[in-house]
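> I need the structure of the sequence given here:
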Amino acid sequence: MPTTIRSSKDLGHALRRTRLKASMTQSDVAKRNGTKQNAISRIESGDMGRTVNLIFKVLGLLDLEIVIRPRSKSSADDIENLFP
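Numbering: from 1, shown residues only. Here you go, the predicted structure:
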């Protein structure tokens, strides 16, 4: 089910819910991503820095939002069809 994201806090909450649904800890995500657990904690709390906050302000100004949904899976045939 798609999740509407309108702020860095919304994004952090969505990432946390998805991580928990996948039965992963912040440390698991950090290890697989090559970062530290406290960085994942900051992201999940919505503390993503000025650039991300600016992006959300611009999205709001343009009356846009981000929708998060599970990534679609494609086959090799799908990719070949992109380049006829």
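> In the chain, where's the longest helix?
helix 8-21 (DSSP state H).
> Any idea how far that helix is from the middle of the chain?
From the chain centre to the centre of helix 8-21 is a distance of 8 Å (Cα atoms, centre = their mean, to the nearest Å).
> Over to stretch 7-15?
8 Å.
> for stretch 26-46, same thing?
12 Å.
> Okay, buried residues for it please.
Gln26, Val29, Ala30, Ile40, Ile43, Glu44, Gly46 (16 or more other Cβ atoms under 10 Å). In short, each C-beta sits where N, CA and C put it, glycine included.
> Which other helices and strands does the host helix or strand of the third one contact?
In this case it means Ala30. Take DSSP states H and E as the rule and Ala30 turns out to sit in helix 26-33. With contacts taken as 3 or more Cβ pairs under 8 Å, 6 or more residues apart in numbering; DSSP states H and E, helix 26-33 sits against helix 37-44.
> Need the residues that contact the helix it packs on.
Helix 37-44 has contacts (Cβ atoms under 8 Å, 6 or more residues apart in numbering) with 11-13, 15-16, 19, 25-27, 29-30, 33, 48.
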